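1. test case, fold it:
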Amino acid sequence: MSCKKAAKQGYLVGMNNEELERRKTISFLQAEGIEPLPRQLALGELPKGTRVKLWAVLYDAIKRHSMKSSPIMAETLRRAALKWWVEEAHQMADEFSRNSQWIADRWKRFFREDTPYYDPLNLVQFLLRNFDDRALPMLVARVLEEERAAYRVVGGRTIMPMASPEEGAAVMQALEVTTNSGIGGARQHLLDAAAHLSSGKFAESVRESISAVEAVAFASTGEKTFAKAIGVMDGRRPMNGAFKIAINRLYDYTSQEPGIRHAKQQESTAYVSEREALFMLPVCAAFITYVLAE
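-> The predicted structure follows:
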């Protein structure tokens, strides 16, 4: 057997199967903790893939609203484009062109990777409000949902963030305190929860979020059940009764909802919405900071 083959086999034998399974479901950057926040909490960002898909939707709309026999804009597109040219670009009306490729070239610039995230979203929202294309709101909403973007279409005409800056900050702070406290398992659970949220695996995200809380509770108290761990923490630093009940209820929810805590047996029956997973991650992160930042 060659040295190279032996080394490879030795690596495979020694590989942690649990770590391999974990990495199969997330990207390399997420597995390495380089992308710590889920896309839904990454305010102020618009990934290249999302920009490209939004532009594809808009460019298709431009083509639909152009004359069949010439590159001239149809009236619905002309009105919206002229309004943007004057009111948003602050340019002279007599310098406007009705050529559809002319306006496509000017709008395309906003979707390039080197432009701020707000440029393409600002243009898209303007068009949702001023461009009479019935399909556009649905198509834009679909792209933002499929891309798990931090911004979504609300009411067909307005683009709003999915979460607040404080929720993203809560996750980052929890990652910092788990690192400083040496509780690597909890930190990894948080990273995995974020990665699953980005990839649309919401039940898995909730499971990892509560597992991070569980890891911190056990590590900080030495107990092996969550109820006993909460009791020890309450004894050290008395918790508000309602707060204590809320934490236990969250833990109970993940235990009782099929397919979350026992994913291997019941994954096909699990239903967790994106909003539930997005709620659980920062809440669990905030509790971890509460426990460790003493």
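2. the helices in the stretch 51-200 of the chain, which residues?
-> Along the stretch 51-200 of the chain, counting by DSSP state H, counting those that start in this stretch, helices occupy 75-83, 100-108, 118-130, 135-146, 165-181, 184-198.
3. buried stuff in the fifth one?
-> Using 16 or more other C-beta atoms under 10 Å as the burial criterion, the residues of helix 165-181 that qualify are Glu167, Gly168, Ala170, Val171, Gln173, Ala174, Leu175, Val177, Thr178, Ser181. Where you see a C-beta, it was placed from the backbone N, CA and C, and this is true even at glycine.
4. point out where the stretch 1-150 of the chain drops to low pLDDT.
-> Across the stretch 1-150 of the chain, the ranges flagged by pLDDT under 70 are 1-16, 18-19, 21-27, 29-36.
5. again, only using 90
-> 1-42, 67-71 (pLDDT under 90).
6. quick one: closest of the helices of the stretch 51-200 of the chain to Val283.
-> helix 165-181 (8.1 Å; C-beta to C-beta).
7. and that closest one, what does it pack against?
-> Helix 165-181 sits against helix 184-198, helix 202-221, helix 274-292, with contacts defined as 3 or more C-beta pairs under 8 Å, 6 or more residues apart in numbering; DSSP states H and E.
8. can we see that at 7 Å?
-> helix 184-198, helix 274-292 (3 or more C-beta pairs under 7 Å, 6 or more residues apart in numbering; DSSP states H and E).
9. turn those into JSON lines, including mean neighbour count and mean pLDDT.
-> Below are the helices and strands packed on helix 165-181 laid out as JSON lines (neighbours: other C-beta atoms under 10 Å; pLDDT from 0 to 100):
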{"stretch": "helix 184-198", "mean neighbour count": "24", "mean pLDDT": "91"}
{"stretch": "helix 274-292", "mean neighbour count": "21", "mean pLDDT": "92"}
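10. those helices into CSV, with extra columns for distance to Met92?
-> CSV is the format used below for the helices and strands packed on helix 165-181 (distance: least, C-beta to C-beta, whole Å):
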stretch, distance to Met92
helix 184-198, 44
helix 274-292, 45
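11. how close does Trp107 get to Val213?
-> Noted for Trp107: a distance of 46 Å to Val213, by C-beta to C-beta, to the nearest Å.
12. the more surrounded of those two?
-> A count of neighbours by other C-beta atoms under 10 Å puts Val213 above the other of Trp107 and Val213, at 27 against 18.
13. which residue packs closest to that one, ignoring adjacent ones?
-> Cys284 (4.9 Å; C-beta to C-beta, 6 or more residues apart in numbering).
14. would you confirm that the one you found contacts Ala212?
-> Yes - when contacts are counted by C-beta atoms under 7 Å, Cys284 is listed as touching Ala212 (5.8 Å).
15. residues contacting the closest residue to Arg187 other than its chain neighbours?
-> Leaving aside its sequence neighbours, Arg187 sits nearest to Thr178 (C-beta to C-beta, 6+ apart; 4.0 Å). For Thr178, the contact set (C-beta atoms under 7 Å, 6 or more residues apart in numbering) comprises Ala186, Arg187, Leu190, Ile288, Leu292.
16. what do you get for Leu197?
-> Pro38, Gln40, Ser205, Ala277, Leu278, Leu281.
17. closest to Arg64 among the residues you listed?
-> Among these, and counting by C-beta to C-beta, the member closest to Arg64 is Gln40, at 30.5 Å.
18. that closest one and Pro161 touch, don't they?
-> No - assessed by C-beta under 7 Å, Gln40 is found out of contact with Pro161, at 9.0 Å.
19. pick out whichever of the two has more residues nearby.
-> Gln40 (25 against 16).
20. switch the contacts of Leu197 over to CSV; also include distance to Ala80.
-> Formatted as CSV, those follow (distance: C-beta to C-beta, whole Å):
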residue, distance to Ala80
Pro38, 34
Gln40, 30
Ser205, 39
Ala277, 36
Leu278, 33
Leu281, 38
